[in-house]
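J.: Need a 3D model of the following:
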Amino acid sequence: MKIIRNIENYRAEKPSIITIGTFDGLHIGHKKIISDLVNISKKEKLVSILLTFFPHPRMILHDHNIEMIDTIEEKQNLLKNLGLNFLVIHPFSNDFSRLSPIDFIRDILVNKFKISKIIVGYDHRFGRNREADISDLKNFGETYNFSVDVIPAQEIKNISVSSTKIRSAILKGDFNIVNKYLGRKFKLTGKVVKGKSIGRTLGFPTANLKIDENYKIRPAKGVYFIKCLIDSKIFFGMMNYGKRPTLEGKENSIEIHFFSLNKDLYGLKLVVEIIQKIRSEKKFNSIENLKKQLILDQKKCQKLLLKKEKIDIS
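T.: Numbering: from 1, shown residues only. Below you'll find the predicted structure:
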């Protein structure tokens with residue numbers, strides 16, 4: 001997969017099949033669209049393209065501090081092994097948002113990408129103020145000679161999957177739902193930085209994870225069962241996210257204690273996968289009570305490890 005930043009840098013050599021969207025979370029609905037896109041591209045000998053935008057349109061148009069399921073780097077890593085020919089990341093702006101539906105179709109999709117087919121989700125909208133819908137897209141297809149495939153909503157237990165529902169579940173700490181809807185584990189990517197080494201004095205040395213992207217969504221405050229790939233080996237552990245109220249913490253932090261790892265991780269980039277929430281954040285009346293609870297938290301995580309048939313830790 002070749003990554004191209006800005007539509008203007010794409011040079012069409014052959015007709016293409018394209019899909020368009022923010023694809024935040026790359027959930028099971030998104031994967032269905034991409035799978036169909038890649039399969040059709042091979043069958044019909046078309047160039048497969050995924051066009052996405054960064055920043056997220058809502059960050060620009062509504063001044064929302066929207067929290068994203070994936071950083072742009074995480075999204076690229078998730079997409080790179082799905083068989084796409086091109087990932088085009090276009091910088092979203094107010095000027096771009098003012099493109100009329102016909103200008104977007106004619107000037108970008110037809111003239112720039114030379115599309116033969118487009119695949120979109122059932123709720124796709126486009127153009128200035130999102131004023132055009134699927135029926136408009138099909139009408140443009142008849143005018144400019146491209147076909148339109150529409151993928152219906154993907155459901156789990158009769159509930160349609162969406163990025164909005166996944167964000168809501170992350171903020172509640174419901175990772176049974178999050179990971180089902182994503183079709184994978186939710187990830188946090190960051191760099192291990194120096195902390196105050198308080199965990200070590202409690203018998204629970206921790207790696208302090210710093211995430212540079214402020215727009216990356218964080219889970220509900222609490223303790224989580226996690227896993228991480230380090231030096232090509234999987235290590236399990238528990239992660240605390242929050243202000244550490246027992247220790248009079250002022251800012252949110254991410255601290256990870258690995259169960260069977262004795263290694264200096266400072267400066268390393270880690271990708272942490274959240275398996276399940278263990279408990280919510282709590283202020284204890286003494287350091288000793290906090291330590292007792294951490295022992296119980298670790299035992300609960302280790303019990304989950306022994307119940308592989310009841311919990312997906314893959």
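J.: Name the nearest residue to L261, sequence neighbours excluded.
T.: Nearest residue to L261, sequence neighbours excluded (C-beta to C-beta, 6 or more residues apart in numbering): F235, at 5.0 Å. From N, CA and C alone the C-beta is placed, and that goes for glycine too.
J.: what residues are up against the one you found?
T.: 227-229, 258-261 (C-beta atoms under 8 Å, 6 or more residues apart in numbering).
J.: Can you flag the buried ones in these?
T.: Among those, those classed as buried by 16 or more other C-beta atoms under 10 Å are 227-228, 258, 261.
J.: give me phi/psi at the residue nearest to L261?
T.: Torsion angles at F235 (phi, psi; degrees, to the nearest 10) stand at phi -120, psi 140.
J.: Quick check: bridge partners of R279?
T.: In this entry, R279 is beta-bridged to V223, by DSSP bridges.
J.: F236 too?
T.: The partner residues for F236, given DSSP bridges, come to K227.
J.: Near it, how many other residues are there?
T.: 18 (other C-beta atoms under 10 Å).
J.: Quick check: phi and psi at the residue nearest to Q298 when sequence neighbours are not counted.
T.: Counting by C-beta to C-beta, 6+ apart, Q298 lies nearest to M238, which is 6.2 Å off, once chain neighbours are set aside. The phi/psi pair for M238 (degrees, to the nearest 10) reads phi -130, psi 140.
J.: any idea how far M238 lies from K292?
T.: In this view, M238 and K292 are 15 Å apart by C-beta to C-beta, to the nearest Å.
J.: Would you mind telling me which of these two has the busier surroundings?
T.: Under the neighbour definition other C-beta under 10 Å, M238 and K292 were set side by side, and M238 has more, 23 against 12.
J.: residues in contact with that one?
T.: 223-226, 256-257, 259, 278, 297-298, 301.
J.: Please apply the same query to I89.
T.: So I89 contacts 3-6, 52-54, 72 (C-beta under 8 Å, 6+ apart).
J.: Apply 10 Å and report the result again.
T.: 3-7, 50-54, 72, 75-76 (C-beta atoms under 10 Å, 6 or more residues apart in numbering).
J.: Flag every buried residue along stretch 130-143.
T.: 132, 134, 136-137, 140-141.
J.: any idea how far that stretch is from the chain center?
T.: Relative to its parent chain, stretch 130-143 has a centroid offset of 29 Å by C-alpha atoms, centre = their mean, to the nearest Å.
J.: Give me the buried entries from the contacts of M238.
T.: Buried among these by 16+ other C-beta under 10 Å: 223-226, 256-257, 278, 297-298, 301.
J.: how about the nearest residue to L188, chain neighbours excluded?
T.: Closest to L188 by C-beta to C-beta, 6+ apart is V272, at 4.7 Å.
J.: wait, isn't the one you found in contact with T189?
T.: Yes: counting by C-beta atoms under 10 Å, V272 touches T189, with 7.6 Å between them.
J.: and stretch 61-75, average pLDDT?
T.: For stretch 61-75, mean pLDDT is 88.
J.: Nearest the geometric middle of this structure, what residue?
T.: D70 (2.8 Å; C-alpha atoms, centre = their mean).
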